[in-house]
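S.K.: Everything below, folded, please.
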Amino acid sequence: MVGDTELLDMLASETTRRSETLIAGIQELSASGQPDPEKVEQLRVDAHGIKGAAMVVGQERLAELARLIEDALAARAESGQIEPDLANNIVGAVNALHEATQAVAKGADEPPAVAESLRALGG
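M.R.: Got it, this is the predicted structure:
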C-alpha cells in the first residue's frame, strides 16, 4: 500500500533527523561530565518524537525501544548527567532504531541490534 510506504519513509526520515541530535547530545553530555538538565530534557523530547512516530505506523517494537531510551533520559533529567556506560547503551539503541527504520522502510527484516538494545536497556 502506497500510504504505508510513505509513512514508513517518513518514520525513517524522522528517525534519521532525530538520531543525529540524540547521539551528538548524549556523547557530549557523557564526555563533559557537566550536568545539563535542559539538554537531557531536549534529548528526551527527541526520543519521545521517535516513539510517537513509530507508534503511528504500527512499529511496536521500535516504539518500545524508543520508550526505553526516553525513560532512561527521563530518569536523568533532574541530575542532567548521563553516565558513560548508559550513554554507550543509549547510543547503541539509537543506532539500532535508525538502522531498523531504514530497514522497515525498504521492507527488510528488523536488524538484530534492536533485540540487543532492548535487552541492554531492560526491555
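S.K.: Going by C-alpha atoms from here, please, whenever you check contacts or count neighbours.
M.R.: OK.
S.K.: which intervals of the protein have sub-threshold pLDDT?
M.R.: Filtered on pLDDT under 70, the chain yields the residue ranges 1-3.
S.K.: Just the helices from it, written as ranges.
M.R.: 2-32, 37-56, 60-74, 84-105, 112-120 (DSSP state H).
S.K.: Which neighbouring residues are in contact with the residue nearest to the spatial centre of the chain, exactly?
M.R.: Centroid-nearest residue in the chain: residue 94, 3.9 Å away (criterion: CA atoms, centre = their mean). Contacts of residue 94 were listed using CA atoms under 8 Å, 6 or more residues apart in numbering, and they are 19, 22, 23, 66, 69.
S.K.: Farthest-apart pair in these, please.
M.R.: The most widely separated members of these are 23 and 66, with 13.2 Å between them, by CA to CA.
S.K.: who's more crowded, the two?
M.R.: Just comparing residue 23 and residue 66: by other CA atoms under 10 Å the higher neighbour count belongs to residue 66, 28 against 20.
S.K.: The nearest residue to that one once chain neighbours are set aside: how many residues sit nearby?
M.R.: Leaving aside its chain neighbours, residue 66 sits nearest to residue 51 (4.9 Å; criterion: CA to CA, 6 or more residues apart in numbering). When neighbours are defined as other CA under 10 Å, residue 51 has 25 of them.
S.K.: Done for today, thanks.
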